[in-house]
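# After the sequence you'll find the predicted model.
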Amino acid sequence: MTSFTPVASTVGGALIGGAAALLWLALGRIAGISGIVGSLAGAPRDEAGWALAFLAGLMGAPLLVALLFGMPQIEIAAGPLLLVAAGLLVGFGTRLGSGCTSGHGVCGIARLSSRSIAATLVFMATAGVTVFVMRHGMGG
């Protein structure tokens, strides 16, 4: 069963939104993770600095929280093959949708991008259907 954590979720959401706004205001860059990672391929050295710093913070912050507060209990009820397949499908969907959930859902909607609003509606509806099927249609 999933824990209901409204305070932690609200704080996390505010931090994500704040980071996206800060990156936009300070550098005029969109905090879409797939776009940031994609920009590193062939980027001039002076352009890669901010992207590497952003990604280092993205990966380092959870490590810092784990050091300060301990690691949460994580249980993955899927095998390695399913996880690899899921990762590949996420990558394919990111390319197909011209961006990832963070780019469309956080940054695109904030910029009132109709493409991002449509993409977010599609992936949220898909997530809802997937959860319903997994919980009710597949005996979960």
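Now that the structure is in, tell me what you want to look at.

# my guess is residue 30 meets residue 102, correct?
No. In this structure residue 30 lies outside contact range of residue 102 using CB atoms under 8 Å: 9.3 Å. To be clear about C-beta, it is placed using only N, CA and C from the backbone, and glycine gets the same treatment.

# Quickly list what's touching both of these two.
Common contact partners of residue 30 and residue 102 (CB atoms under 8 Å, 6 or more residues apart in numbering): residue 20.

# helix or strand for residue 126, which one?
helix 114-132 (DSSP states H and E).

# Please export the C-alpha coordinates of that helix as PDB.
What follows is helix 114-132, C-alpha atoms only, in PDB (Å, rounded to 0.1, in the frame of the first residue of the first chain):
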ATOM      1  CA  SER A 114      -0.900  23.800 -25.800                       C
ATOM      2  CA  ARG A 115       1.400  20.900 -26.900                       C
ATOM      3  CA  SER A 116       2.600  20.400 -23.300                       C
ATOM      4  CA  ILE A 117      -1.000  20.600 -22.000                       C
ATOM      5  CA  ALA A 118      -2.100  17.900 -24.500                       C
ATOM      6  CA  ALA A 119       0.900  15.700 -23.800                       C
ATOM      7  CA  THR A 120       0.300  16.000 -20.000                       C
ATOM      8  CA  LEU A 121      -3.400  15.100 -20.400                       C
ATOM      9  CA  VAL A 122      -2.400  12.000 -22.500                       C
ATOM     10  CA  PHE A 123       0.200  10.700 -20.100                       C
ATOM     11  CA  MET A 124      -1.900  11.300 -17.000                       C
ATOM     12  CA  ALA A 125      -4.800   9.500 -18.600                       C
ATOM     13  CA  THR A 126      -2.500   6.700 -19.700                       C
ATOM     14  CA  ALA A 127      -1.200   6.400 -16.100                       C
ATOM     15  CA  GLY A 128      -4.700   6.300 -14.700                       C
ATOM     16  CA  VAL A 129      -5.700   3.500 -17.200                       C
ATOM     17  CA  THR A 130      -2.500   1.600 -16.400                       C
ATOM     18  CA  VAL A 131      -3.100   1.700 -12.700                       C
ATOM     19  CA  PHE A 132      -6.700   0.700 -13.100                       C
END
